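In: Fold the following, please.
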Amino acid sequence: MPTTVLPPSLTSPDALLPALQQQGHAVLSAATLCAATGCSLPALHALDAGWNDLPPDEHLKDGGRYRRRRHACFVAEGEVLQPVPHRAHWQPVEYNALHGGIERWFEPIEPALVGDPLWNR
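Out: Numbering: from 1, shown residues only. I've put the predicted structure just below:
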(Lines give C-alpha, C1' and ligand atoms only; values in the text may rest on other atoms or scores of the structure.)
Protein backbone atom coordinates (compact mmCIF):
# COMPACT_ATOMS: atom_id res chain seq x y z
CA MET A 1 0.00 0.00 0.00
CA PRO A 2 1.52 3.39 -0.99
CA THR A 3 2.26 5.90 1.74
CA THR A 4 0.38 9.18 1.60
CA VAL A 5 2.48 12.23 2.40
CA LEU A 6 0.44 15.11 3.72
CA PRO A 7 1.64 18.66 3.05
CA PRO A 8 2.64 20.63 6.14
CA SER A 9 0.36 23.28 7.58
CA LEU A 10 1.60 26.60 6.26
CA THR A 11 2.14 29.60 8.51
CA SER A 12 0.31 32.72 7.35
CA PRO A 13 2.33 35.95 7.01
CA ASP A 14 0.60 37.54 10.01
CA ALA A 15 1.38 34.47 12.16
CA LEU A 16 5.09 34.27 11.22
CA LEU A 17 6.56 36.19 14.15
CA PRO A 18 4.29 34.61 16.79
CA ALA A 19 5.07 31.14 15.41
CA LEU A 20 8.80 31.76 15.58
CA GLN A 21 8.54 33.17 19.09
CA GLN A 22 6.26 30.44 20.45
CA GLN A 23 7.24 27.34 18.46
CA GLY A 24 10.72 28.21 17.23
CA HIS A 25 9.80 27.37 13.63
CA ALA A 26 7.38 28.20 10.84
CA VAL A 27 6.53 26.62 7.48
CA LEU A 28 6.10 29.19 4.72
CA SER A 29 4.80 28.98 1.20
CA ALA A 30 7.22 30.17 -1.47
CA ALA A 31 5.11 33.32 -1.95
CA THR A 32 5.16 34.12 1.78
CA LEU A 33 8.91 33.50 1.98
CA CYS A 34 9.47 35.81 -0.99
CA ALA A 35 7.32 38.51 0.60
CA ALA A 36 9.13 38.16 3.94
CA THR A 37 12.60 38.34 2.37
CA GLY A 38 11.90 40.77 -0.44
CA CYS A 39 13.06 38.34 -3.12
CA SER A 40 11.46 37.22 -6.33
CA LEU A 41 10.23 33.68 -6.95
CA PRO A 42 12.86 33.11 -9.70
CA ALA A 43 15.59 34.24 -7.27
CA LEU A 44 14.28 31.81 -4.67
CA HIS A 45 14.23 28.98 -7.20
CA ALA A 46 17.85 29.76 -8.09
CA LEU A 47 18.68 28.16 -4.71
CA ASP A 48 17.02 24.87 -5.75
CA ALA A 49 20.28 23.31 -6.94
CA GLY A 50 21.64 23.39 -3.39
CA TRP A 51 18.67 21.38 -2.18
CA ASN A 52 18.68 18.96 -5.11
CA ASP A 53 22.20 17.71 -4.33
CA LEU A 54 21.83 16.16 -0.88
CA PRO A 55 23.90 13.07 -0.06
CA PRO A 56 22.21 10.06 1.56
CA ASP A 57 21.87 10.06 5.34
CA GLU A 58 24.39 7.39 6.38
CA HIS A 59 23.29 7.40 10.03
CA LEU A 60 19.89 5.73 9.95
CA LYS A 61 19.87 3.10 12.69
CA ASP A 62 17.18 1.13 10.89
CA GLY A 63 19.44 0.71 7.84
CA GLY A 64 17.12 2.81 5.69
CA ARG A 65 18.15 4.83 2.65
CA TYR A 66 15.11 7.10 2.61
CA ARG A 67 16.61 10.42 3.76
CA ARG A 68 19.10 12.79 2.21
CA ARG A 69 20.82 15.53 4.22
CA ARG A 70 23.39 18.24 4.62
CA HIS A 71 24.01 20.15 7.84
CA ALA A 72 25.19 23.57 8.94
CA CYS A 73 24.77 25.80 11.97
CA PHE A 74 24.52 29.57 12.03
CA VAL A 75 24.15 32.31 14.59
CA ALA A 76 21.76 35.11 13.67
CA GLU A 77 23.19 38.47 14.72
CA GLY A 78 20.82 41.24 13.71
CA GLU A 79 20.33 40.75 10.00
CA VAL A 80 23.47 38.68 9.44
CA LEU A 81 23.85 34.91 9.58
CA GLN A 82 27.28 33.96 10.87
CA PRO A 83 28.31 30.36 10.15
CA VAL A 84 29.87 28.40 13.00
CA PRO A 85 32.45 25.64 12.50
CA HIS A 86 31.06 22.43 11.04
CA ARG A 87 29.87 20.07 13.74
CA ALA A 88 27.81 16.96 14.25
CA HIS A 89 24.04 17.02 14.33
CA TRP A 90 22.83 15.55 17.60
CA GLN A 91 19.38 14.87 19.04
CA PRO A 92 18.53 13.13 22.31
CA VAL A 93 16.63 9.87 22.12
CA GLU A 94 13.78 11.60 23.95
CA TYR A 95 13.36 13.80 20.85
CA ASN A 96 14.27 11.26 18.16
CA ALA A 97 13.70 7.75 19.53
CA LEU A 98 14.89 6.00 16.35
CA HIS A 99 17.93 8.04 15.29
CA GLY A 100 18.78 10.03 18.41
CA GLY A 101 21.58 9.59 20.91
CA ILE A 102 24.43 9.55 18.38
CA GLU A 103 26.55 12.20 16.68
CA ARG A 104 25.57 12.30 13.03
CA TRP A 105 28.14 13.90 10.75
CA PHE A 106 26.45 15.08 7.57
CA GLU A 107 28.18 16.78 4.67
CA PRO A 108 28.12 20.57 5.08
CA ILE A 109 25.80 22.80 3.08
CA GLU A 110 27.54 23.76 -0.16
CA PRO A 111 29.57 27.01 0.04
CA ALA A 112 27.86 28.33 -3.11
CA LEU A 113 24.48 28.13 -1.39
CA VAL A 114 25.70 29.75 1.84
CA GLY A 115 27.52 32.41 -0.16
CA ASP A 116 24.44 33.40 -2.14
CA PRO A 117 23.22 36.84 -0.97
CA LEU A 118 19.67 35.49 -0.77
CA TRP A 119 20.75 32.90 1.84
CA ASN A 120 21.31 35.69 4.37
CA ARG A 121 17.78 36.97 3.83
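
In: How about residue 25: what's its closest non-neighbour residue?
Out: residue 19 (7.1 Å; Cβ to Cβ, 6 or more residues apart in numbering). C-betas here are computed from N, CA, C, even on glycine.

In: what about the one you found, neighbour count?
Out: Applying other Cβ atoms under 10 Å, we find 15 residues neighbouring residue 19.

In: same deal with the one 10 residues further on?
Out: The local packing of residue 29 (other Cβ under 10 Å) involves 12 other residues.

In: again with residue 7
Out: Neighbour tally, residue 7, other Cβ under 10 Å: 6.

In: quick one: it from residue 29, how far?
Out: Counting by Cβ to Cβ, to the nearest Å, the gap from residue 7 to residue 29 is 10 Å.

In: Residue 77 - how many residues pack around it?
Out: Residue 77 sits with 8 neighbouring residues when counted by other Cβ under 10 Å.

In: and the spatially most central residue of the chain, bridged to which residues?
Out: Geometric centre of the chain, nearest residue: residue 71, 8.3 Å, by Cα atoms, centre = their mean. Here residue 71 sits in beta bridges with residue 108, as judged by DSSP bridges.

In: again with the one 4 residues further on
Out: When assigned by DSSP bridges, residue 75 has beta-bridge partners residue 82.

In: Hmm, it is touching residue 84, no?
Out: Yes: Residue 75 is within contact range of residue 84, at 6.1 Å (criterion: Cβ atoms under 8 Å).

In: Now do the contacts for residue 10.
Out: Contact analysis of residue 10 by Cβ atoms under 8 Å, 6 or more residues apart in numbering lists 27-29, 32.

In: Quick one: buried ones out of the residues you listed?
Out: 28, 32 (16 or more other Cβ atoms under 10 Å).

In: Alright, I will stop here.
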